[in-house]
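Asker: What would the 3D arrangement of this be:
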Amino acid sequence: DKLIDPASCSHIYTISPGVGMLTTGFPADARSIAQKARQEAAEFRFKFGYEMPCDVLAKWLADNNQVYTQHAYMRVMAVETMLIGINDDDEDDKKPMLYKVDPAGYYAGYHASCAGTKEIECTNWLEKKMKSHLENSSMNLTQAIRMGISALQSVLSEDFKASQIEVGIVSCDDTSFRKLTEQEIDDHLVAISERD
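Answerer: As a prediction, this is how the structure comes out:
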């Protein structure tokens, strides 16, 4: 719909300063889950004095989702969720974290993941491309962003405009979660098209 403001239809949410959430599914359920996650992260910070780690939030979200499967009168939240953050327990050895939580309450950590209608094709594509990075070398932020965009383009067989996709990032250098601007996304799209 051309009259909808694209800024109001985001699938990426900031949960806490260092944790971001991507949702796939019903937008109303996604907003509800994001709001509950924000509340839980704020209560955790108030209670313990530090930000809620990504893995703890993923476990809480999975437990919360699982409750909806126990009773016939409760509708399961029709949202698959991915959480990203940085494990900064050790200041010298920060590591990125990616967790995927499904509506049934199952969650797991991943090196790379995808969700949606072409999930199987995308997973196969990512497994091929990630193989070298998992075996011997790590990936920098720019490589990760471009791999994610390339995965979308390859699997969906489509070239995107910067206004058609959203990219959320968190890095070991700057542990705060943020969404890339359209200009930053466009720069990556241009670099990808020049590379190919």
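Asker: How many residues are close by residue 119?
Answerer: 14 (other Cβ atoms under 10 Å). C-beta here means a position set from N, CA and C on the backbone, and glycine is covered the same way.
Asker: For this structure, give the helix that spans the most residues.
Answerer: If each helix of the chain is counted by residues according to DSSP state H, the longest one is helix 27-48.
Asker: just checking, what packs against that helix?
Answerer: strand 12-16, strand 19-25, helix 54-67, strand 79-87 (3 or more Cβ pairs under 8 Å, 6 or more residues apart in numbering; DSSP states H and E).
Asker: For this structure, which helix or strand comes out least confident on mean pLDDT?
Answerer: In the chain, the helix or strand scored least confidently by mean pLDDT, DSSP states H and E is helix 119-135, which has a mean of 90.
Asker: if you skip the residues just before and after it, what's nearest to residue 186?
Answerer: Spatial nearest neighbour of residue 186, excluding adjacent residues (Cβ to Cβ, 6 or more residues apart in numbering): residue 162 at 3.9 Å.
Asker: Tell me who's in contact with the one you found.
Answerer: Neighbouring residues of residue 162 by Cβ atoms under 8 Å, 6 or more residues apart in numbering: 182, 183, 185, 186, 189.
Asker: Can I have the buried ones of those residues as a PyMOL selection?
Answerer: This is how PyMOL selects the buried members of the contacts of residue 162, with burial counted by 16 or more other Cβ atoms under 10 Å:
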select buried, resi 185+189
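Asker: Which of the contacts of residue 162 sits closest to residue 97?
Answerer: Distance to residue 97 across the contacts of residue 162 (Cβ to Cβ) is lowest for residue 185, with 23.0 Å.
Asker: Point out the other helices and strands that the helix or strand hosting the closest one packs with.
Answerer: Here residue 185, judged by DSSP states H and E, is contained in helix 182-195. Helix 182-195 is packed against helix 141-156, with contacts defined by 3+ Cβ pairs under 8 Å, 6+ apart.
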